[in-house]
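>>> any chance you can model this:
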Amino acid sequence: MDSGLVGRVRRFNRTVTQRIGVLNDAYLARERSLGQSRVLWEIGPEGIEVRALRARLDLDSGYLSRLLRALETDGLVVVEADGTDARVRRIRLTPAGAVERAELDVRSDELAASILRPLDDGQRDRLVVAMAEVERLFVASLVEVTATDPAHADARHCLRAYAAELDRRFPGGFDLGTAHPAHLSPPAGLLLVARLHGEPVGCGG
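As a prediction, this is how the structure comes out:
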């Protein structure tokens with residue numbers, strides 16, 4: 001890897017972390033870290049499964065457990081067994097947690113406005129466009145592509161989505177029924193599945 005490119009990425013990271021307040025122990029002047037605040041925000045009004053949250057944020061299970069314990073101690077979240085599957089743990093916000101999440105939204109808006117306010121209209125547009133491009137490339141760097149058994153649930157999900165898209169595009173529709181898993185298995189073929197945060201997002205055969 002080009003050391004010059006690595007150095008520029010590191011410089012960018014230092015600038016961003018300082019500007020958005022990540023270096024402070026209490027993020028957005030609340031009595032909790034950025035990690036706790038982000039977890040609280042990601043849980044959302046509908047709640048979320050622990051495993052889904054861990055995959056979305058790419059967090060070590062032990063670290064996520066510590067974050068959730070801290071939020072539970074503060075009375076902001078409840079971790080309980082899912083109503084349909086006792087093996088699955090689900091997190092939901094308490095009423096106090098919902099209030100805190102709403103306050104985080106307000107303060108996050110204020111932080112974003114403080115970044116934009118000193119700039120003129122042209123600079124704001126340039127910054128937002130650049131941020132969108134950086135976000136797209138960051139997301140692209142998180143995608144993992146692996147060879148996958150066509151019978152795997154992720155592979156079937158992608159192939160169904162592929163067939164459905166072609167069915168919408170072609171006037172006469174599209175039927176994937178002629179395809180056989182053996183055609184996408186070595187040595188006859190290969191199926192690659194792209195995953196983002198552990199979820200299938202695309203495939204190629």
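>>> helix or strand: which one has T146?
strand 144-147 (DSSP states H and E).
>>> helix, strand, or coil at the residue nearest to the spatial centre of the chain?
Nearest residue to the geometric centre of the chain (CA atoms, centre = their mean): R56, 4.1 Å. Assigned by DSSP: H, G, I helix; E, B strand; the rest coil, the conformation of R56 is helix.
>>> what residues does it make contact with?
Contact analysis of R56 by CB atoms under 8 Å, 6 or more residues apart in numbering lists E42, I48, H197. Any C-beta I mention is one placed from the backbone N, CA and C, and that applies to glycine too.
>>> picking up where we left off before, and the strand holding T146, what does it pack against?
Here strand 144-147 touches strand 192-196, going by 3 or more CB pairs under 8 Å, 6 or more residues apart in numbering; DSSP states H and E.
>>> and the residue nearest to the centre of the chain, how far from I91?
For R56, the distance to I91 equals 12 Å [CB to CB, to the nearest Å].
>>> hey, what's in contact with both of these two?
Shared contacts of R56 and I91 (CB under 8 Å, 6+ apart): I48.
>>> so which bits of stretch 41-57 are buried?
Neighbour counts over stretch 41-57 (16 or more other CB atoms under 10 Å) mark I43, G47, I48, V50, A52, L53, R54 as buried.
>>> cool, and stretch 166-184?
For stretch 166-184, burial by neighbour count (16+ other CB under 10 Å) applies to P181, L184.
>>> what mean pLDDT does it have?
The average pLDDT within stretch 166-184 is 77.
>>> tilt between whichever strand or helix holds L159 and strand 192-196?
Here L159, judged by DSSP H and E, is contained in helix 153-169. Inter-element angle recorded for helix 153-169 and strand 192-196: 100 degrees (by axes from the mean of the first three to the mean of the last three CA atoms, to 10 degrees).
>>> next, the buried residues of helix 153-169.
Across helix 153-169, burial judged by 16+ other CB under 10 Å covers D154, A155, R156, C158, L159, Y162, A163.
>>> who's in contact with it?
Contacts for helix 153-169 (CB under 8 Å, 6+ apart): 148-150, 173-176, 179, 184, 191, 193, 195, 200, 202-203.
>>> and of those, the nearest to E31?
Using CB to CB, R195 comes nearest to E31 of the contacts of helix 153-169, at 35.9 Å.
>>> what does the least confident helix or strand in the chain by mean pLDDT contact?
Lowest mean confidence among the helices and strands of the chain (mean pLDDT, DSSP states H and E): helix 3-19, at a mean of 87. For helix 3-19, contacts defined as CB under 8 Å, 6+ apart pick out V22, L23, I115.
>>> residues contacting the residue nearest to the first one when sequence neighbours are not counted?
Right, V22. Nearest residue to V22, sequence neighbours excluded (CB to CB, 6 or more residues apart in numbering): L34, at 5.4 Å. By CB under 8 Å, 6+ apart, L34 lies in contact with G21, V22, Y27.
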